[in-house]
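[1] Have a look at this prediction, sequence included:
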Amino acid sequence: MLKIHQVFIIKFLLLFVGTLFVTSLVSYIALKSSIIEHNKEHLKNAIQLINLEIDKEESLEKLTAQISKATGLRATFVNDEGVVVAESEVDKETMENHGSRYEIMQSNSEEFAHIVRYSETLEVDFLYVAKKILYKEKPMYIRLSMSLAKVMEDFYALWINLALLFLIILIVAFYASWRMSKRVVYDIEQLTNYLDEISNKNYKAIIKTKYFYEFLHISLLLKNLVKKLSNRDKQKRKYTAKLRLVNKQRNDILSAISHEFKNPVASIIGYAQTLEDDPEINPKIREKFLEKISSNGEKISKMLDRLALSVKLDNNDLEIRTSEFNLKSLCEEVAANLLLKYKDREIILHLYEQRVFADKTMIELVLINLLDNALKYSQNDVHLTMNNDVVSVEDSGIGIKEEHLDKVTSKFYRVEKNSWDNSMGIGLAMVSYILKAHNSTLHIESTFAKGSTFSFSIKEMIKK
């Protein structure tokens, strides 16, 4: 895309070149037409004078030579049969019959006939004027002509003078437009740089336009606008940040609750409506449906309990009740209970005896969440390992992409369609909170489509 000064210069040059071309063309046409008209009258007058004295001349050859010498005009006499009988510049014997020439034929019906035609004999444009006369009682045509080369010479001389004048004007105008465009570009660059700074929240930027009043006026308006923007930005910054955080938390909670509660609620409604619509339903089917309703109700209750627990952990309102217990036994108990839910799966344990001092209920919740996620998002065996005071849960499931690893422990965060827990996207967040309260940290290693390992240290839980 062209810059403003380039567009200005190009249009300026096109305008002047176009003006020069049109002026030259008009000048040529006007000059040629004027000269032809002037010389046509001159030739007519010359023919009239010759006609007055022609009967006194004995030799037309001699007369044509005298005319050419005195006036510089080309003189030709043609008899009524079209034969050239006298010619001032060319051997008449070499000339063809002129009876069919336009000016000869037209002079039969007009007093004077004229035409501009290229002479193949002399290889130049000529203006021909002819008149039919009587020479010694015989019809005769007298034709005078002149070369139009002089017209072109005059035109070229005029054109060169005009071209030089236009060239001088063009150079001066080009220089003036170049200087002006540089000043315009300078002021525009000042404005654009200032706007760039403002768009980057740099309200202390400086603008210096110095050539055009209009740009100076714009810069003053921009400065006043920037002052207002700066004041408003300061006033709204804290409020906007708080409002954004509140809205995000509210939307996350509503989205999570809506997503996770939809299926169990729909199941309860579906089974209940079926029982209500068919009072005579098979008792076994009734019993199965009632079990489904109860199961989904318990699932909703557990979700609410987890949500309440998450809120307490987030607000540091939950009291950690520490006690001493055998971590190996707790791991085995949690694994056995989960296998009741996942009957066709296996949890491979690599444990050793280790007593720790922590909140048993909270650590149990950590193990349940990590093992349940591993079983849910993998098809192969899951490994629960204790090694060098580090507890690890390893699976060979779908894994987590690298860009999500730092975010999966955030409250209500979901990896695409995977929530990485079984309760509204708060499972791993709860795990992270609980471990933090026990001076430990959840560490995640994962390769997408290969599997994940979730681990935490228990060194701070070992009673010294």
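    Sure thing, it's come through.
[2] domains of this protein?
    4-154, 266-313, 319-461 (automatic domain parsing).
[3] tell me which element residue 339 is part of?
    If you go by DSSP states H and E, residue 339 is part of helix 327-341.
[4] mean pLDDT for the domains of the chain: which is lowest?
    Least confidently modelled of these is domain 266-313, at a mean of 79 by mean pLDDT.
[5] how about the strands in this protein?
    Using DSSP state E, the strands of the chain run over 74-79, 84-87, 113-119, 124-135, 138-147, 323-326, 347-350, 355-358, 382-387, 390-395, 443-447, 451-457.
[6] Return the alpha-carbon coordinates of the longest one using PDB.
    The C-alpha trace of strand 124-135 is given here as PDB (Å, rounded to 0.1, in the frame of the first residue of the first chain):
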ATOM      1  CA  VAL A 124       6.000  15.000 -48.000                       C
ATOM      2  CA  ASP A 125       2.500  16.300 -47.200                       C
ATOM      3  CA  PHE A 126       1.300  19.000 -49.500                       C
ATOM      4  CA  LEU A 127      -1.500  21.500 -49.500                       C
ATOM      5  CA  TYR A 128      -3.000  21.600 -53.000                       C
ATOM      6  CA  VAL A 129      -5.300  24.400 -54.300                       C
ATOM      7  CA  ALA A 130      -6.600  24.200 -57.900                       C
ATOM      8  CA  LYS A 131      -8.800  26.300 -60.200                       C
ATOM      9  CA  LYS A 132     -10.100  25.800 -63.700                       C
ATOM     10  CA  ILE A 133      -9.200  28.600 -66.100                       C
ATOM     11  CA  LEU A 134      -9.100  29.400 -69.800                       C
ATOM     12  CA  TYR A 135      -5.700  29.700 -71.400                       C
END
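[7] Report all helices and strands that it contacts.
    Where contact means 3 or more Cβ pairs under 8 Å, 6 or more residues apart in numbering; DSSP states H and E, strand 124-135 is packed against helix 4-53, helix 102-106, strand 113-119, strand 138-147. To be clear about C-beta, it is placed using only N, CA and C from the backbone, and glycine gets the same treatment.
[8] So which of these is nearest residue 354?
    Nearest to residue 354 among these is helix 4-53 (77.3 Å), distances taken as Cβ to Cβ.
[9] any idea of the angle the closest one forms with strand 138-147?
    150 degrees (axes from the mean of the first three to the mean of the last three Cα atoms, to 10 degrees).
[10] Contact partners for residue 374?
    With Cβ atoms under 8 Å, 6 or more residues apart in numbering as the criterion, the residues that contact residue 374 are 382, 393-395, 397, 452, 454.
[11] Recalculate using a threshold of 6 Å.
    382, 393, 395 (Cβ atoms under 6 Å, 6 or more residues apart in numbering).
[12] Counting neighbours, which of the residues you listed end up buried?
    Burial by neighbour count, judged by 16 or more other Cβ atoms under 10 Å, picks out 382, 393, 395 from the contacts of residue 374.
[13] Out of these, which is nearest to residue 275?
    residue 382 (37.5 Å).
[14] I'd guessed the closest one sits against residue 347; true?
    Yes. The pair residue 382 / residue 347 is scored as a contact, 5.1 Å apart, by Cβ atoms under 6 Å.
[15] Can you check which residues contact both of these two?
    Common neighbours of residue 382 and residue 347, counting by Cβ under 6 Å, 6+ apart, are absent.
[16] Tabulate the domains of the chain (a markdown table), appending distance to residue 228.
    Shown next, in a markdown table, are those (distance: least, Cβ to Cβ, whole Å):
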| stretch | distance to residue 228 |
| --- | --- |
| domain 4-154 | 29 |
| domain 266-313 | 41 |
| domain 319-461 | 37 |
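[17] Quickly compare those domains and say which is most buried.
    domain 319-461 (a mean of 17; mean count of other Cβ atoms under 10 Å).
[18] That one: end-to-end distance?
    Terminal residues of domain 319-461 lie 17 Å apart, using Cα to Cα, to the nearest Å.
[19] so who does residue 148 touch?
    By Cβ under 6 Å, 6+ apart, the neighbours of residue 148 are residue 125.
[20] Kindly indicate which of the buried ones among the contacts of residue 374 lies nearest residue 82.
    Of all those, residue 82 sits closest to residue 395, with 117.5 Å by Cβ to Cβ.
[21] Please report the distance of the closest one from residue 164.
    Note on residue 395: its distance to residue 164, by Cβ to Cβ, to the nearest Å, is 90 Å.
[22] elements contacting the helix holding residue 339?
    Secondary structure elements in contact with helix 327-341, counted by 3 or more Cβ pairs under 6 Å, 6 or more residues apart in numbering; DSSP states H and E, are helix 360-376.
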